[in-house]
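Enquirer: Here is a sequence with its predicted model. Questions after.
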Amino acid sequence: MAAGRGVFALLIGDRRAGTYFDFSQRGLVGSFIAFLAVTGLNAVLPAILGSKEPGGITRSILMIAILFGLQLAFSAIVLRQLKRMDGLVPYLVADNWATFFLTLISGALAAAGIEGDAVLIVLAIIVIVIEVNIARLIVTLTPLQIAMFLIAQLVGVSIGLAIIGFTFPLPPDAAAGASSMLGG
């Protein structure tokens, strides 16, 4: 419950957001358990709902692992350059809990049939606000350092998406759908 309050505090920019998280080793492990639980749920849910895509669960978990690993690696590189490695554990704890709650919310919205570009845009804005506030309020970076931190994460995720695109090409039916949407 405290982590949920912390994520909400991050969303609204409350300077006390850090007080809701446990930045100890126990808190880090707890945040990873939450992250892994929601990742597992997110990977298994399509199969439970009747998706017949072969290898879907494995593909989903590998994709999340690649994106998470590269985002973490690039975040650590920047924090090391800034001589702020002390911010890595607080960043991980807050980011893992934010991922947990945002994934649950987006999954609930999808299950309720509330989908589309507008929902995607709102969720993207929420993610950006939370990421900026994690860097600002939890890791306590300066504005230039926040920009460097977020750009590094974006680069890591972009490289991850490129790797995923080459390693896990779209299934033929999804590729045909994407091609028809692009007018090809």
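Expert: Looks like it arrived, so ask away. Just so you know, these numbers come straight off a predicted model, no measurement behind them.

Enquirer: now this structure, which segments are flagged as low pLDDT?
Expert: By pLDDT under 70, the low-scoring segments of the chain are 49-52, 54-55, 170-184.

Enquirer: Once you drop chain neighbours, what's closest to residue 105?
Expert: With sequence-adjacent residues excluded and distances taken as Cβ to Cβ, 6 or more residues apart in numbering, residue 105 is closest to residue 123, at 8.0 Å. No exception for glycine: its C-beta is placed from N, CA and C like everyone else's.

Enquirer: Verify the contact between the one you found and residue 103 for me.
Expert: No. Under the contact definition of Cβ atoms under 8 Å, residue 123 does not touch residue 103, with a separation of 10.1 Å.

Enquirer: Tell me which of the two has more neighbours.
Expert: With other Cβ atoms under 10 Å as the criterion, residue 123 and residue 103 differ in neighbour count, and residue 103 comes out ahead with 18 against 14.

Enquirer: Going by secondary structure, that one is in what exactly?
Expert: Secondary-structure assignment from DSSP states H and E places residue 103 in helix 88-111.

Enquirer: buried ones in that helix?
Expert: Along helix 88-111, these residues count as buried under the neighbour rule (16 or more other Cβ atoms under 10 Å): 88-104, 106.

Enquirer: Would you mark the buried spots in whichever strand or helix holds the residue nearest to residue 105?
Expert: Mapping residue 123 onto the secondary structure by DSSP H and E places it in helix 117-133. Counting neighbours by 16+ other Cβ under 10 Å, one finds that the buried residues in helix 117-133 are 126, 130-133.
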